[in-house]
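*Asks:* Provide a 3D model corresponding to the input given below.
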Amino acid sequence: MRALLSVYDKTGIVELARALHERGGELVSSGGTATVVAGAGIPVVDVADFTGFPAMLGHRVVTLHPKVHGGILADRSDPEHQVDLATYDIGLIDLVVGNLYPFRSNPSIELIDIGGPTLVRAAAKNHEHVTVLVDPADYAVVLDELTVSGTTSAGTRRRLARKAFAHTAAYDAAIVGWFDQQLQFETAAEEADIDPLPPTIHLALERAQDLRYGENPHQQGARYRVTGTHTWWDDVQQHSGLALSYLNLFDADAAWRLVHDLGERPAVAIVKHANPCGVSLHEDLATAYAQAFACDPRSAFGGIVALNRPVDDATVAAIEAAAQADVIIAPGYGPGVVERLVAKRKNTRLLTATPPSVPALSLRPLSDGFLVQQGHSFATPPSEWRVVTVRQPTASEMLDAELAWRLCSYVISNAIVLVKDGTAWGIGAGQQNRVESGVLAASKADGRAAGGACASDAFYPFRDGVDAAADAGATVVIQPGGSVRDAETIAAADERGICMIFTGERQFRH
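*Replies:* Sure, this is the predicted structure:
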């Protein structure tokens, strides 16, 4: 048996090389891998001696040689291949061990590996005869099979070949992503228009976390991440409770992003079925929690609670006095807090997390494809909003309007949000018309938003929405504007003596 070793990640390579040598295998290698193997006192043939050609072009060309790839790609059942092997004195290679440079962590032209992927792909293509290893975790499996039967099974070779092609696909995807970044940077430097959506998108995902189940218990679910990356979800620490399900992650992700998009004040967001059902800002975290819960206690049962401050004893007391939550996610917990919560809410998943990341692109599955758009953002700052009514907003009304508008962007359309003094008292979501969302929001607020702000994620097509906001007690309405009936809605606001702000942008969420 002849094995070619060429790895960047040298975990376990000495042990593997020694085991192969002890089984009578001939080892061929070059560069850093050969140095490590030889340094361990294990005989190894340099690729230059195997091919008769030295490494050249600054080590860009090492293994790209017919004696290497002929030995890997030969179909041992094909007589013509046997003739070629004999004619050109090419020796067979039975095992290829290779993994690639960590391009994502340090992208550059010199880390675009050519010989490595070619070796791996060649071995994977010819998996009927050749074993390929790209993951040190598989070394022991192959050694065990070699010990028992002197060869690897067809099933193992096929599985490892699939893993090898996944390895090179992820590597190429990382390179394409790097080129996209470079092209956008160069375009920006030239002050030309930038297309934020690349002509092609190349995704390579690896399973990072098995979940309790999918959306329903009969569906299997898992969390995936881009291969070779590390996400904030990978740093989440679960202190208690049942294993996380698909919807736990989906809703916790929404709650965590929302609570980190509410500014610097202590904040609490409660999310149920991807929709906020309670949000509050207050200098006292316990008060923020109590007010967020009070917005819609019925919906908050079994919801996701996200806090942007460590949970303290006073906040625990407020949580204990409220309904059961499925998940609590926070940046930390005070001394004894986790133990106290476990004693009271043993099934609640308690999570510690770092701040969330903001993806540049949003991808959503479509039948036989994907919908792609830029990630969530606010295009127009408050300084560019327009007050279009006679009445101007007070300072407190403006703060409520800003919170209502920001929160509105996280609510499934049609969305109406009523806010007073930093707390969302009424949230109407997911209705087919804006009026019924307003009715829901007003019903939940039950007068508590009087003197506050009403936000609509899209323009009011008729004055009835403005009248509903005024009837709910709102004294300022914030909306995108842009309807052919804007003049009618402005007139309605003036008639009702309330202020209206146009943001100039829509914030639909589906």
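*Asks:* which ones are touching Val28?
*Replies:* Contacts for Val28 (C-beta atoms under 8 Å, 6 or more residues apart in numbering) come out as Arg2, Ala3, Leu4, Leu5, Val44, Val45, Asp46, Val47, Phe50, Ile93. Any C-beta I mention is one placed from the backbone N, CA and C, and that applies to glycine too.
*Asks:* what's the following helix or strand after the helix ranked longest in the chain?
*Replies:* The single longest helix within the chain, with elements called by DSSP state H, is helix 154-189. Per DSSP states H and E, the first helix or strand lying C-terminal to helix 154-189 is strand 205-210.
*Asks:* where do the strands sit along the stretch 1-150 of the chain?
*Replies:* 2-7, 26-29, 45-46, 95-99, 131-133 (DSSP state E, counting those that start in this stretch).
*Asks:* May I see the buried residues of the longest helix of the chain?
*Replies:* 156-157, 160-161, 163-175, 177-178, 180 (16 or more other C-beta atoms under 10 Å).
*Asks:* how many degrees apart are that helix and strand 205-210 in direction?
*Replies:* Interaxial angle of helix 154-189 relative to strand 205-210 (axes from the mean of the first three to the mean of the last three C-alpha atoms, to 10 degrees): 110 degrees.
*Asks:* which helices and strands does helix 154-189 pack with?
*Replies:* Applying 3 or more C-beta pairs under 8 Å, 6 or more residues apart in numbering; DSSP states H and E, we find helix 154-189 packed against helix 115-125, strand 131-133, helix 139-149.
*Asks:* can we see that at 7 Å?
*Replies:* helix 115-125, strand 131-133 (3 or more C-beta pairs under 7 Å, 6 or more residues apart in numbering; DSSP states H and E).
*Asks:* out of these, deepest packed?
*Replies:* By mean neighbour count, with neighbours taken as mean count of other C-beta atoms under 10 Å, strand 131-133 ranks first of the helices and strands packed on helix 154-189 at a mean of 27.
*Asks:* That strand pairs with which strands, and in what direction?
*Replies:* strand 95-99 (parallel) (DSSP bridges).
*Asks:* contacting residues for Gln479?
*Replies:* Ser456, Phe459, Tyr460, Phe502 (C-beta atoms under 7 Å, 6 or more residues apart in numbering).
*Asks:* quick one: which of the residues you listed is nearest Gln431?
*Replies:* Ser456 (11.9 Å; C-beta to C-beta).
*Asks:* quick one, strands of the stretch 401-510 of the chain?
*Replies:* Along the stretch 401-510 of the chain, counting by DSSP E, counting those that start in this stretch, strands occupy 416-420, 423-428, 453-456, 476-479, 499-502.
*Asks:* what would those look like in TSV with distance to Asp235?
*Replies:* Listed next are those as TSV, based on distance: least, C-beta to C-beta, whole Å:
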stretch	distance to Asp235
strand 416-420	31
strand 423-428	29
strand 453-456	33
strand 476-479	36
strand 499-502	39
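*Asks:* closest to Glu384 out of the ones you listed?
*Replies:* Going by C-beta to C-beta, the one of these nearest Glu384 is strand 499-502, 9.9 Å.
*Asks:* any low-confidence regions in the stretch 1-150 of the chain?
*Replies:* Within the stretch 1-150 of the chain, no range satisfies pLDDT under 70.
*Asks:* Also the chain?
*Replies:* Those would be 185-194, if you go by pLDDT under 70 across the chain.
*Asks:* Could you rerun that using 80?
*Replies:* Scanning the chain for pLDDT under 80 picks out the ranges 183-195.
*Asks:* Contacts only, for Ala290.
*Replies:* Ala318.
*Asks:* Show me what secondary structure element comes after the host helix or strand of it.
*Replies:* In this assignment (DSSP H and E), Ala290 forms part of helix 285-295. Using DSSP H and E, the helix or strand that follows helix 285-295 in sequence is helix 297-300.
*Asks:* now for that following helix, which elements pack on it?
*Replies:* Using 3+ C-beta pairs under 7 Å, 6+ apart, helix 297-300 is in contact with strand 267-272, strand 275-281.
*Asks:* my guess is Met500 meets Val390, correct?
*Replies:* No - using C-beta atoms under 7 Å, Met500 is not in contact with Val390, being 9.7 Å away.
*Asks:* neighbour-wise, which of the two wins?
*Replies:* Met500 (28 against 11; other C-beta atoms under 10 Å).
*Asks:* and the more buried one, what are its bridge partners?
*Replies:* Under the criterion used (DSSP bridges), Met500 bridges to Val477.
*Asks:* Quick check: the residue located most distally from the centre of the chain vs Tyr410, distance?
*Replies:* Distance from the C-alpha centroid of the chain, by C-alpha atoms, centre = their mean, peaks at Thr87 (52.9 Å). In this view, Thr87 and Tyr410 are 69 Å apart by C-beta to C-beta, to the nearest Å.
*Asks:* Quick check: the residue nearest in space to the middle of the chain vs Pro359, distance?
*Replies:* When C-alpha atoms, centre = their mean is applied to the chain, the residue found nearest the centroid is Arg225 (6.0 Å). Applying C-beta to C-beta, the value for Arg225 to Pro359 is 12 Å.
*Asks:* Could you do Leu85 as well?
*Replies:* Distance check for Leu85 against Pro359: by C-beta to C-beta, it reads 50 Å.
*Asks:* Which residue of those two possesses the greater neighbour count?
*Replies:* A count of neighbours by other C-beta under 10 Å puts Leu85 above the other of Leu85 and Pro359, at 17 against 11.
*Asks:* where's the closest residue to Ala208 other than its chain neighbours, which helix or strand?
*Replies:* Of all residues beyond its chain neighbours, the one nearest Ala208 is Arg225 (4.6 Å), with distances taken as C-beta to C-beta, 6 or more residues apart in numbering. According to DSSP H and E, Arg225 maps onto strand 222-226.
*Asks:* Contacts for the particular helix or strand that has Glu339 in it, please.
*Replies:* If you go by DSSP H and E, Glu339 is part of helix 337-344. Helix 337-344 has contacts (C-beta under 7 Å, 6+ apart) with His239, Ser240, Val311, Asp313, Val316, Ile319, Glu320, Thr348, Leu350.
*Asks:* rewinding a little: tabulate the strands of the stretch 1-150 of the chain (JSON lines), appending distance to Arg364.
*Replies:* Shown next, in JSON lines, are the strands of the stretch 1-150 of the chain (distance: least, C-beta to C-beta, whole Å):
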{"stretch": "strand 2-7", "distance to Arg364": "38"}
{"stretch": "strand 26-29", "distance to Arg364": "46"}
{"stretch": "strand 45-46", "distance to Arg364": "51"}
{"stretch": "strand 95-99", "distance to Arg364": "33"}
{"stretch": "strand 131-133", "distance to Arg364": "35"}
